[in-house]
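S.K.: Just the structure for this:
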Amino acid sequence: MFTPLKKTLLLVGDVIFLYLSLYLALAIRYTTIPGQELWDKHFLPFTLIFLVWVITFFIYDLYRLQLATRRATFYKNAFQAF
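M.R.: Modelled structure (predicted):
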């Protein structure tokens, strides 16, 4: 029912949104489009933070797609993860 492709797409989507959020946060903070130097300065530290977040999501089974069908359990796990 739930294929590994769907799980992979979910993970890739999360990573894309994490980096997009970083880009937007830098743009808002510095009120300009972030240049390569600014991006490079923040890329590695936030990559480490994002890695911790993704591992936390795995620990709390947020990538287990069957869990998403049981909303109460999913929201409980998501709240604990955050």
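
S.K.: and the spatially most central residue of the chain, what is it in contact with?
M.R.: Closest to where the C-alpha atoms of the chain average out (C-alpha atoms, centre = their mean) is residue 14, at 3.9 Å. By C-beta atoms under 8 Å, 6 or more residues apart in numbering, the contact list for residue 14 reads 54, 57. Quick note: C-beta positions are derived from backbone N, CA and C, even for glycine.

S.K.: That one and residue 44, how far apart?
M.R.: According to C-beta to C-beta, to the nearest Å, residue 14 stands 19 Å off from residue 44.

S.K.: ditto for residue 66
M.R.: 35 Å.

S.K.: Residue 7 too?
M.R.: Counting by C-beta to C-beta - residue 7 and residue 44 are separated by 26 Å.

S.K.: Neighbour count for the two, which is higher?
M.R.: residue 7 (13 against 9; other C-beta atoms under 10 Å).

S.K.: The more buried one reaches residue 66, doesn't it?
M.R.: No. Using C-beta atoms under 8 Å, residue 7 is not in contact with residue 66, being 10.8 Å away.
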